[in-house]
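Q: Sequence plus predicted model, see below.
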Amino acid sequence: MIRASQVDKKHIVKILTIAFHIDPHVNWLLSKCKKRNKLEFVMNYVVDEMMERGEIYLSDCGNGVAIWKSHVKEKLSMKYLFRNIKAFLYFDMYTVFRLMKSEYSITKKYPSSKNYLHLYQIAVLPEARGRGVASTLIREWITLAGNACDIYLETANSKNVLIYNTLGFYVYDEIAQEKITLWLMKYQR
């Protein structure tokens with residue numbers, strides 16, 4: 001597992017864009033936006049945000065990426081303002097509202113009074129899937145976290161629920177968003 005830096009941004013965005021182009025939740029969030037490169041724009045936004053307030057790790061082979069977000073809120077800065085104004089101007093109001101509402105509905109399900117880690121995104125290039133890349137990235141973080149904090153994630157893909165179950169996660173809640181169900185999962189020690 002290799003901690004990513006700004007130098008890796010283009011590669012990380014590529015992995016995320018390829019992996020999430022079929023994600024039910026992301027597609028639902030962006031479905032009303034008519035922009036051509038909307039998914040790539042969102043992934044650039046996510047990487048920029050998580051470079052400031054999270055942790056991004058590439059697999060040793062460079063075919064997978066895991067983005068971890070902590071409970072700590074990002075501080076108001078010029079980078080924060082610029083990134084969010086740019087997103088606000090890029091997307092239509094409906095998409096901005098949908099993105100914000102979804103993020104709020106997920107975040108409110110996490111504890112507000114204690115430390116936690118949130119597996120915000122994990123992605124593996126198609127040619128490397130089925131080789132344990134994602135599992136290794138998750139297991140290494142679970143080991144690093146130890147018993148220091150709870151670990152959460154969510155998925156809109158029912159197949160992923162089964163995979164995450166094998167890694168020690170269980171569904172503790174669900175969020176229905178129109179035709180999409182998000183399964184909220186927590187790691188059980």
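A: Good, I have the coordinates.
Q: contacts and neighbour counts: CA atoms only from here.
A: Noted.
Q: and Val133, what is it in contact with?
A: For Val133, the contact set (Cα atoms under 8 Å, 6 or more residues apart in numbering) comprises 59, 63-64, 124.
Q: and the residues you listed as TSV, adding neighbour count, secondary structure and pLDDT?
A: Putting these into TSV (neighbours: other Cα atoms under 10 Å; DSSP: H, G, I helix; E, B strand; the rest coil; pLDDT from 0 to 100) gives the following:
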residue	neighbour count	secondary structure	pLDDT
Ser59	18	coil	96
Asn63	19	coil	96
Gly64	27	strand	97
Val124	24	strand	96
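Q: Now flag whichever of these is closest to Asn27.
A: Minimum distance to Asn27 across those is 17.7 Å, recorded for Val124 (Cα to Cα).
Q: tell me which element Ala66 is part of?
A: Applying DSSP states H and E as the criterion places Ala66 in strand 64-70.
Q: so what does that strand touch, helix or strand wise?
A: Under the contact criterion of 3 or more Cα pairs under 8 Å, 6 or more residues apart in numbering; DSSP states H and E, strand 64-70 touches helix 9-20, helix 38-53, strand 54-58, strand 116-124, helix 133-145.
Q: Hey, what's the angle from that strand to helix 9-20? Just curious.
A: 100 degrees (axes from the mean of the first three to the mean of the last three Cα atoms, to 10 degrees).
Q: got the buried residues for the helix or strand following strand 64-70?
A: Using DSSP H and E, the helix or strand that follows strand 64-70 in sequence is helix 78-90. Residues Arg83 are the ones in helix 78-90 that count as buried (16 or more other Cα atoms under 10 Å).
Q: For the strand holding Ala66, which strands pair with it and how are they oriented?
A: Strand 64-70 has its sheet partners listed here by DSSP bridges as strand 54-58 (antiparallel), strand 116-124 (antiparallel).
Q: May I see those arranged in CSV, with distance to Met185 as well?
A: CSV is the format used below for those (distance: least, Cα to Cα, whole Å):
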stretch, distance to Met185
strand 54-58, 19
strand 116-124, 10
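Q: Please identify the deepest-packed of those strands.
A: Mean neighbours per residue, mean count of other Cα atoms under 10 Å, is largest over the strands paired with strand 64-70 for strand 54-58, with a mean of 22.
Q: That strand: how far from the chain's middle?
A: 11 Å (Cα atoms, centre = their mean, to the nearest Å).
Q: Stretch 65-77 too?
A: Using Cα atoms, centre = their mean, the offset of stretch 65-77 from its chain centre is 11 Å.
Q: Buried residues in that stretch, which are they?
A: Going by neighbour count (16+ other Cα under 10 Å), the buried part of stretch 65-77 is 65-71.
Q: try stretch 20-27
A: Here stretch 20-27 shows 20, 24-26 as buried, counting by 16+ other Cα under 10 Å.
Q: The host helix or strand of Glu154: what's the following helix or strand?
A: According to DSSP H and E, Glu154 maps onto strand 150-155. Using DSSP H and E, the helix or strand that follows strand 150-155 in sequence is helix 158-166.
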